[in-house]
Structure formats: C-alpha cells, structure tokens
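Enquirer: Everything below, folded, please.
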Amino acid sequence: MLFLFAITWGAVSGWWAVACLALAILYAWLMYRQPVSLSNTFRYILFALRTIAVFVLSFLLLAPLVRSVSYQPQKPLVLILQDNSESIKLFQPKTSAFNLNSDLNGIKSVLGDNYDIREFNFDRSLNNGLSDKFNGKQTNISAALKQLNDQFVNQNIGAVILATDGLFNQGSDPQYEARNFKTTIYTVALGDTTPKRDLLIANVNYNKNAFLGNDFEIEVLAEGYQSKGETMRLTVTEDGRQVAAQNIPVNSDAFQKLVPLKLTADKKGVRKFTISIAPIKNELSTQNNTETIYVDVLDAKQKVLLVYNSINPDINVIKNGIESNKNYDVKTILSTDISTIKLADYSLIILHQFIPSGALQSFITKSKIPVWYMLGAQSDLSAFDQIQSIIKVSANSYQTQEVFAQPVAEFSAFTLSDSSKQKLASFPPLLAPFGSYTSSPTNQVLFKQKIGNITTTYPLLSFVDAGGHRIGILTGEGLWRWQLAEYKAYGNHHAVEELLDQSVQYLTANANRQQFRVYAAKNVFDEGESVILNAELYNDALELVNTPDVKIDLKGASGKSYSFLFTRSGQSYQLDAGTLPVDEYTYTTSTKVGTKTYTANGQLTVKALNLETRQSTANHQLLNSIAKQSGGIIVLPSQIGKLADLIKKNENIKTVVYEDKHYSDLVDIKWIFALILALLSAEWFMRKREGEV
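Expert: Next up is the predicted model:
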C-alpha cells in the first residue's frame, strides 16, 4: 500500500505561513540580538530553536489541514460456486471421471497469488468452501447468486465460475439474478443432457387442507422419456390401501401428461398419500417414481366475521388471505347490516375502520369473542379509546401518515417466519392515523411504526390476551399495497397470507377455553426444517401463566423417541426441537399446576424432500445463456483446466487500485506537540547551562 500526504488550507491563504515565519524570526532576533555573555555559536543555535518553535505555534493557529492519500491495490476476486445438490451425484454420466473438487481447486494453483480465490457451495442456500457430499435436498441457484453478489458488493469481482447441472427447484430463473453481476461468468456444465429411459412424477398439485367427508382432487404431472409404447401404471395409496389408480399409455419419447385424481377425506387429521409409478425395465432411476403428500383433514370450518364501514381494497386482501387456510370461512358485511347477523355463529370478529357500539359492543364484552380492530382514516379514534384500554391514540383530526413495519424481536405470542418478517419490513408503508400512541404494558407488539428512517415506540400490529379475551389491533390501512408489492417481487402472497393466518390462529386459539393447549407451527415440516411447537397455559381466571415446566415426548412411527422441555417465551412457551428425521410423530405434553395435571396430545409429520429426483436431464442451455449474457463461456468438467488461462487472458480482469483521501487537522497530530516541547526544552536547557535563566 502506497501512502502520501501533503499540507492543504481551509478558509485562510497559504501566504500567512510566510507571515508566521517572519514573526518567528523577528521574535527570535529581538530576544537574541545582543546577549553579552553568549558566544555567536550559542546565539545562532538558540535563535534557530526559538524561531522554529514560534513558527510552528503560530502556524498551528492558521488551522492547516493534512491531506493523506493512500493507494490500496485489490486483486481481482475469482468466485467459485459449486452445486452441492443430490442431482449432481444421482445423474452424473457413469463414464465421466468425477473429480470436480480437485479440478476446481486446480484453478487456484494455476492462477497463483495474483488473484483472490474464494470458494463456495450451494443447495437451497450459500455455504463456504467446496463440498464433495452432494446431499442438498433443494437447489436454488438464484438465491446463491444473490447472496454471493450481496456479500461482495462494491468489491473487485473479476470472474464467477458456476459449476452446476442447471437444474433448480426453488427460487426464480437464475438468468435474471446473474445479470446483476457486473463481471464475467464462466459456467461448468455438470450432469447429462442425454434423455434416458425414465418414468417420473414431475410435480403434484394439491390443497393441503380438506374437510371430513368431502372429495378432493390432486393433479399429478407424469413424465416419460425414451419409453414410447410402455403403459404407465399410476397408483395412490393411503396407509398401504390403494385409493386410486390409472393406466396411462406413453405415446412419445418425451411424454408429459397432467393426470387428475379424485380422493376422499374419510378420516380426520393429517393423512399421508403415496403416489407411485410402477418401474419399467432398464429405467434410469426409480427414486423419482414415488411422491408423498400430506393432507390435513379438518372436521369443520371456523367462521370469521369481517365488518367494514365502507368499500376498501383491504377487504378482499383480508378475506382472501384468511381463506387461503381452508379451515376458515370469512363473511364480509357492511356495519349498517350487522343486525342481520347471528354473532354467536362466529369465532372471530374483524372490525375494519368500524368502532362497535350498542348491541355489538355488548356482545363482544360479555361473550369475550376474539376481536381484531383495524384502524384507518375513517376510524373514530375517540370512540376507539373509550371501548378499550390497550392502545390510546391522541389525534385532533382524521389525518394519516405513512408508516413502515418494524419487526419486534421480543414478540412471542406466535411464530412468524424470519423470511416473512423481512419481506413485510421492506414493503411499502401503511397509512396510520396521525397522532401519538400509548400502549398497555401487557400489549405484545409484533410490528412497531417506522416513520421514515426513525423507529418509534408506536405499535402498528399488536395482540393482547386480557383474561382470556384475545384482541388484535392494526393501527394502519393499506394491506393491498403489501399484497401487490409481494407479488411483484416474489410472484406470490406468502408473507401476507402467513401474517393473516397466524394472527387469526392466535386470536381464535382459545375459543374453546382449554386451559392447556399445545400446537405445532404447522402440521407438516420439510426434511431439514426446524420443528417448532408452542404451548399455552391458563389459570382459572383464563390468564396466561408460564410458571410450571412443560415437558413433551415425541414418538416416531419408526419407534424413535425424543424428550424435550419447553422454553418460556413471553407469557407462553415455545420449543425449537431442531431438525428431526423423516417420520410421522405423535406427541404428549404435560404440566402440573398445584395438584392438578394437564396433558395435551397431537401429531406432526416430517416429510422427505424428493425434489432433486424429479429432473434427470441437465439444463445446459440455461448455463450457456448465463455465460453468454456476461461475456463468458460454458465448459465441460473435462475442460475446467482451460478456465485459468481464459481468466488470465481476460483484459477486464485486473488488479484495481483504490485511492483513499483523508483530511485531518494538523493540530491533531501528536508528534508536533512533542516537537514543540523538545525545541523549547532544548532551548531552556542550553540557556540554563549558560546561566541565562
């Protein structure tokens, strides 16, 4: 690193330095022009010391600046990104010598010290270093590229080497994310593009919920390659019992058909259905012939009443978001028609910019039915303050202001995924009534209001359990903005739907007034996903307590058992059991309050992920497009050695020198004070020695 510095000036002219020097010389001359007892040599030395000291002191009064310039060279980064998913190992050509890691490591030795080589592997996320396990259950090339680009933003990225088969089953098309790299991308084409004799289940479309006694339909996308003339035997079994079957003739070498199958929900709970295609002779792989799905069969729907003052785009967002969970049926009604509704039929009342009074308010108070207030520009805030004491809003008008959602880490009433929290925090602002907010200490805040870049203490979305009466309060309108923003960015409404679903589940959770309740964050977890359970304990006054310990015993169908102790979280309990093996589990939880013992039972499933076996033919066309749009090329594994030479010859990949300019006051430099002290001390010592002091 090269370092240079120079003196520069602020508001004064540099010519004042000459005046400082003249002043110093004049002062020293007046002091030493004719001392009788000193020799000329001593006078000249003392004259010089005093001149320099006075000059430096007066020079500092001009407040000069020191400009330092450092030049920091940064070697070009070569980022190696290797696919670690199962498809690499499963469908690699048998005739190829598979030494991917050693070949990629060889690039590092050839490029030498002139390049900064960083190595990564990925499946559904980015990991450091290369890997030879090839055990990833999902592949998300787009997410890996994004994480890599974010990690090295504004750095000298010379080249990216992407080694993959081009198959992905999570995330968006990686071509779009690759365009964000302002550098050359070289792709290594793994896998085999030659179609092999294979029958497979490419995808299954189904609803995760069904209702007891009803029929429901699933759609199976069946594919066959190099199997023309064969008959595909497709069956569906439940607990070993065949419940559907169909014979499908394969009439082409690249066959594809969407097969609808009707099933019956005849048992309550999470039901396991296994969809299979019978293997044929000389088939490439039978791992992709089977797919397992889980359907939660519900006994009845819970009814939700949504009361609104006037037409608002939020109404449809709320209704559709809640009804994405088939366990809920939402009835929307104008506030003027509330007298036509039998309120006792509903498990939750949502009041959109409507403050209840009269018979409705009396029913809410007496029945303790869960209620969710949603405030906005049309809300009567003074009336709202009168009917509840959870949140008070001081406002003089119906003005609104834009507020962003800021997640609160301490929230523990229910579990909202980290990805949804991050998404919601990045969405456009809601419109909240303008004023000051005060919140009850018992109020659990999920999102605070963020105004501009300032996070306030004002609650945006919060929940409270007041003696068994659960209440939610959203102090803003504009959920339709969140829905549109999420669809534009991600092509779905998952975060908004999860927020609405989890909120409604929490509000309606104790509608049956159970004193001890345990529930999993969801009924079916993916392989490798953390299993999370929540527990709630109520005393006789239906107040949440978490004083006693809560134990849980998980038992898998395979016979394996696990025991855990819940962790206290806020006023409730939560358990993160980590990742569990693929199995179907039943659980028994227990706690003891005084002499009374409470128990709760349930079930959950950890399902296997077979996404990597659904595609066997590598997508080298995608890799060619990624490389071509960035100015790179695609190579086969046997040609990896050529990449080092290509990188060396690429004139755009070179060391970059960064210039860093820094200005500081000369008076801040400590050694200058040491110099002044040394000069004055030397002068005093010499005068003392000669008897002039």
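Enquirer: buried ones in stretch 438-451?
Expert: 439, 443-450 (16 or more other Cβ atoms under 10 Å). Placement of C-beta: from N, CA and C, glycine included.
Enquirer: Extract the C-alpha trace of it and format it as CSV.
Expert: Listed next in CSV are the C-alpha coordinates belonging to stretch 438-451 (Å, rounded to 0.1, in the frame of the first residue of the first chain):
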residue,chain,number,x,y,z
THR,A,438,-49.6,4.9,24.2
SER,A,439,-49.6,1.2,24.7
SER,A,440,-50.6,-1.0,27.7
PRO,A,441,-47.6,-3.0,29.2
THR,A,442,-49.5,-6.3,28.6
ASN,A,443,-49.7,-5.5,24.9
GLN,A,444,-47.4,-7.7,22.8
VAL,A,445,-46.2,-5.7,19.7
LEU,A,446,-45.4,-7.7,16.6
PHE,A,447,-44.6,-4.6,14.4
LYS,A,448,-43.8,-1.0,15.5
GLN,A,449,-44.3,2.0,13.3
LYS,A,450,-41.3,3.2,11.5
ILE,A,451,-41.7,6.8,10.2
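Enquirer: Pull the residues that contact it.
Expert: Here stretch 438-451 makes contact (Cβ atoms under 8 Å, 6 or more residues apart in numbering) with 389-392, 394, 401-408, 411-413, 416, 424, 432, 437, 455-466, 473, 475-476, 570.
Enquirer: again, 6 Å this time
Expert: 390-392, 403-406, 408, 411, 413, 455-456, 458-464 (Cβ atoms under 6 Å, 6 or more residues apart in numbering).
Enquirer: swap in stretch 671-691?
Expert: With contacts defined as Cβ under 6 Å, 6+ apart, stretch 671-691 is touched by 46, 49-50, 52-53, 56, 693.
Enquirer: in it, what counts as buried?
Expert: The neighbour-count check on stretch 671-691 (16+ other Cβ under 10 Å) flags 676, 679-680, 683, 686-687 as buried.
Enquirer: Pull out the buried members of the contacts of stretch 438-451.
Expert: Applying 16+ other Cβ under 10 Å to the contacts of stretch 438-451 flags 390-391, 403-406, 408, 411, 413, 458-464 as buried.
Enquirer: Let's verify the most centrally placed residue in the chain: helix, strand, or coil?
Expert: With distances taken as Cα atoms, centre = their mean, the residue of the chain nearest its centroid is Ser419 (3.8 Å). For Ser419, the assignment made with DSSP: H, G, I helix; E, B strand; the rest coil gives helix.
Enquirer: so after the helix or strand that contains Lys319, what's the next helix or strand?
Expert: Assessed by DSSP states H and E, Lys319 sits inside helix 313-323. Using DSSP H and E, the next helix or strand after helix 313-323 towards the C-terminus is strand 328-334.
Enquirer: Keeping just the C-alphas, turn stretch 171-180 into CSV.
Expert: This file holds the C-alpha atoms of stretch 171-180, laid out as CSV (Å, rounded to 0.1, in the frame of the first residue of the first chain):
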residue,chain,number,x,y,z
GLY,A,171,-36.4,-19.6,-6.4
SER,A,172,-36.7,-17.7,-9.7
ASP,A,173,-34.9,-18.1,-13.0
PRO,A,174,-31.2,-17.6,-12.2
GLN,A,175,-30.6,-15.7,-15.5
TYR,A,176,-32.2,-12.6,-14.0
GLU,A,177,-30.1,-12.7,-10.9
ALA,A,178,-26.9,-13.4,-13.0
ARG,A,179,-27.5,-10.1,-14.8
ASN,A,180,-26.8,-8.2,-11.5
